[in-house]
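**Student:** no letters, just coordinates:
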């Protein structure tokens, strides 16, 4: 369903399929999909296409958030998110966090230690956006110590290791 929806309603994907000689109506099985539909490379998708052409119906109507990749590969990629997508992501994340940490029963501070621009959608959590500076993360922990039942630190594993080690060293 997702393939056929994209083939019909996402202008850039429709062109990519046409340029590759793929006829979407012939893709009726998973095997046909595997054999006939090309693997999509980042440069082929984002290189010469407007962001609107990568969206359903070729427009940005209903988009509430746009995010980009780091561009490390030499090609930036972008995502466009609707409020509905944001709500679904928040609900899914909070479901997982509640199952693991009981966030709905315990006042929780969620420290987002991802790079600036990497947002964590939530509905019920208090989120501290610190980015990747260990000193900022530790300052938030010191300032808010005792204000919450628990804190959840989210970020890249090597950064989190350093924050924990620095935190232990600083008491």
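**Tutor:** Noted; the coordinates are in hand. Since the model is a prediction, treat every value here as computed from it, not as a measurement. Residues are numbered from 1 along each chain as shown.
**Student:** what packs against the longest helix anywhere in the chain?
**Tutor:** Longest helix of the chain, by residue count under DSSP state H: helix 83-101. When contacts are defined as 3 or more Cβ pairs under 8 Å, 6 or more residues apart in numbering; DSSP states H and E, helix 83-101 packs onto strand 108-112, strand 150-154. Quick note: C-beta positions are derived from backbone N, CA and C, even for glycine.
**Student:** tell me which residues in the last one are buried?
**Tutor:** Spelled out, it's strand 150-154. Under the neighbour-count criterion of 16 or more other Cβ atoms under 10 Å, strand 150-154 has 151-154 buried.
**Student:** from those residues, which is closest to residue 161?
**Tutor:** Proximity of the buried residues of strand 150-154 to residue 161 (Cβ to Cβ) peaks at residue 153, which lies at 10.9 Å.
**Student:** and that closest one, what does it touch?
**Tutor:** 111, 113, 137, 160, 163 (Cβ atoms under 8 Å, 6 or more residues apart in numbering).
**Student:** then residue 163?
**Tutor:** With contact set as Cβ under 8 Å, 6+ apart, residue 163 has these partners: 113, 134, 137-138, 153, 155.
**Student:** confirm for me that residue 140 is in contact with residue 126.
**Tutor:** No. Judged on Cβ atoms under 8 Å, residue 140 makes no contact with residue 126 at a distance of 11.0 Å.
**Student:** ok, those two, which is more surrounded?
**Tutor:** residue 140 (18 against 14; other Cβ atoms under 10 Å).
**Student:** where does that one land in three-state SS?
**Tutor:** Reduced to three states with DSSP: H, G, I helix; E, B strand; the rest coil, the structure at residue 140 is helix.
**Student:** the residue nearest to it when sequence neighbours are not counted sits in which helix or strand?
**Tutor:** The spatially closest residue to residue 140, leaving aside those adjacent along the chain, is residue 128, at 4.9 Å (Cβ to Cβ, 6 or more residues apart in numbering). Element membership for residue 128, per DSSP states H and E: strand 126-129.
**Student:** which secondary structure elements does that strand sit against?
**Tutor:** By 3+ Cβ pairs under 8 Å, 6+ apart, strand 126-129 packs against strand 108-112.
**Student:** helices and strands around the strand it packs on, which ones?
**Tutor:** Secondary-structure packing of strand 108-112 (3+ Cβ pairs under 8 Å, 6+ apart): helix 83-101, strand 126-129, helix 134-144, strand 150-154.
**Student:** okay, those in a markdown table with mean pLDDT and distance to residue 51 next?
**Tutor:** Listed next are the helices and strands packed on strand 108-112 as a markdown table, based on pLDDT from 0 to 100; distance: least, Cβ to Cβ, whole Å:
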| stretch | mean pLDDT | distance to residue 51 |
| --- | --- | --- |
| helix 83-101 | 94 | 15 |
| strand 126-129 | 94 | 24 |
| helix 134-144 | 96 | 31 |
| strand 150-154 | 95 | 27 |
